[in-house]
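>>> need a structure here:
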Amino acid sequence: MEFAAAAHAFADHLAQVRRLSPATVRAYRSDLRDLAETVGELEVDQVTLETLRDWLWRATQRGDARSTLARRAAAARSFFSWAHEQQLVDHDPSLRLVAPKRGRTLPTIASQDAMTTLLDAQRRAAGAGDPIVLRDHAILELLYGAGIRVSELCGLDVDDLDLDRGTARVLGKGSKERVVPFGVPARDAAGAYLTRGRPALAARTARPTPALFLGSRGARIGPRAVYSLVAEVLAPFVGEETVGPHALRHTAATHLLDGGADLRAVQEILGHASLGTTQIYTHVSAERLTATYRLAHPRA
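I've put the predicted structure just below:
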């Protein structure tokens, strides 16, 4: 089987059998498509370790980041492990493939004071009753209050929100469903949006939708619109222009741990499959503590 055809079959396996998220499958497809350009018309069993090393070397010559190289090496290893199981290759050429280790970069977060200032300003602006502003306020409160991913937020339907209990039912990575709690400010913002904002937006289209958050034309809002919103309001508080919704998720997790939340409870709220993923936020808290010490202690 040609490599390109096998890579396509592997991506279908990830989507249909392993049920990985569409974003993850797209990432695998992209990495293996790049590898396919290197191997050309070779059969899967003709790809060698040297071929894979040459592929990564070319990526370094292009200036790809270490994180990109590590991700692509991981994609190659996953693909050839599957190919070996499917008996497409006699041996796995990626077993000795080594990529640069990812540099550990701490996630961008906003301080508690910054979040209070930001959300208070949004609440005051929403008081005028503009449906878009009401929606944006509810979006920001839920992203921070529940710590959910932007894909989870955009996928919410009206029935997924339980304002009485202060919970949202979200569909996370791997199509795993979980229920996440949110606080009173998010409940109030969502309630105001459902009462005064969403009906006005829903009236802008002839096609009814169960989606909770609607765009300016009445259809389900997309991740790009949420990215633009967060970048506009959050960037001044964190000093970065390329900040997105995930920064609010990082911020929520860090503030939970700062407030004494159990690490495993935070793991459940965030929907992390591995506790190790959640532990990055303990590093964030430690880094912030160290920075505060150095600024405040006379003998730091």
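>>> could you check the helix ranked longest in the chain and say which residues are buried?
Secondary structure of the chain per DSSP state H: the longest helix is helix 66-85. Within helix 66-85, the residues scored as buried using 16 or more other C-beta atoms under 10 Å are 68-73, 75-80, 82-84. No exception for glycine: its C-beta is placed from N, CA and C like everyone else's.
>>> please report phi then psi for Gly218.
Backbone torsions for Gly218, taken as degrees, to the nearest 10, come to phi 90, psi 0.
>>> quick check: it touching Thr209?
Yes - shown here, Gly218 and Thr209 form a contact pair, counting by C-beta atoms under 8 Å, at 7.5 Å.
>>> ok, the two, which is more surrounded?
The residue with more neighbours, out of Gly218 and Thr209, is Gly218; 18 against 13, by other C-beta atoms under 10 Å.
>>> once you drop chain neighbours, what's closest to the more buried one?
Nearest-residue entry for Gly218: Thr205, 3.1 Å, with adjacent residues in sequence omitted and distances by C-beta to C-beta, 6 or more residues apart in numbering.
>>> ok, Arg224 - how many residues close by?
Neighbourhood size, Arg224 [other C-beta under 10 Å]: 10.
>>> before we move on, the earlier item: which residues do Gly218 and Thr209 both contact?
Ala202 (C-beta atoms under 8 Å, 6 or more residues apart in numbering).
>>> correct me, but Thr38 touches Glu50?
No - if you go by C-beta under 8 Å, Thr38 and Glu50 don't touch, sitting 11.3 Å apart.
>>> more crowded one of the two?
Using other C-beta under 10 Å, the more surrounded residue of Thr38 and Glu50 is Thr38, with 17 against 9.
>>> so how far is Arg29 from the residue lying closest to Asp45 once chain neighbours are set aside?
Nearest non-adjacent residue to Asp45, counting by C-beta to C-beta, 6+ apart: Val89, 4.7 Å away. Distance, Val89 to Arg29, using C-beta to C-beta, to the nearest Å: 20 Å.
>>> look at these two and report which has more neighbours.
The residue with more neighbours, out of Val89 and Arg29, is Val89; 21 against 18, by other C-beta under 10 Å.
>>> what's Arg165 sitting at in phi/psi?
Backbone torsions for Arg165, taken as degrees, to the nearest 10, come to phi -90, psi -20.
>>> make sure the residue nearest to Gly218 is indeed in a strand.
No - counting by DSSP: H, G, I helix; E, B strand; the rest coil, one finds Thr205 to be coil, located in no strand.
>>> can you give me the helices in the stretch 101-250 of the chain?
Applying DSSP state H, counting those that start in this stretch to the stretch 101-250 of the chain gives helices spanning 112-126, 131-146, 150-154, 184-192, 198-202, 223-238, 245-258.
>>> name the helices or strands packed onto the longest helix of the chain?
Where contact means 3 or more C-beta pairs under 8 Å, 6 or more residues apart in numbering; DSSP states H and E, helix 66-85 is packed against helix 3-16, helix 22-39, helix 49-62.
>>> could you give me the average pLDDT of that helix?
Confidence for helix 66-85, expressed as mean pLDDT, is 90.
>>> tell me who's in contact with the closest residue to Ser21 other than its chain neighbours.
Excluding the flanking residues, the one nearest Ser21 by C-beta to C-beta, 6+ apart is Lys173, at 4.8 Å. Lys173 makes contact with 20-21, 24, 149, 271, 273 under the criterion C-beta under 8 Å, 6+ apart.
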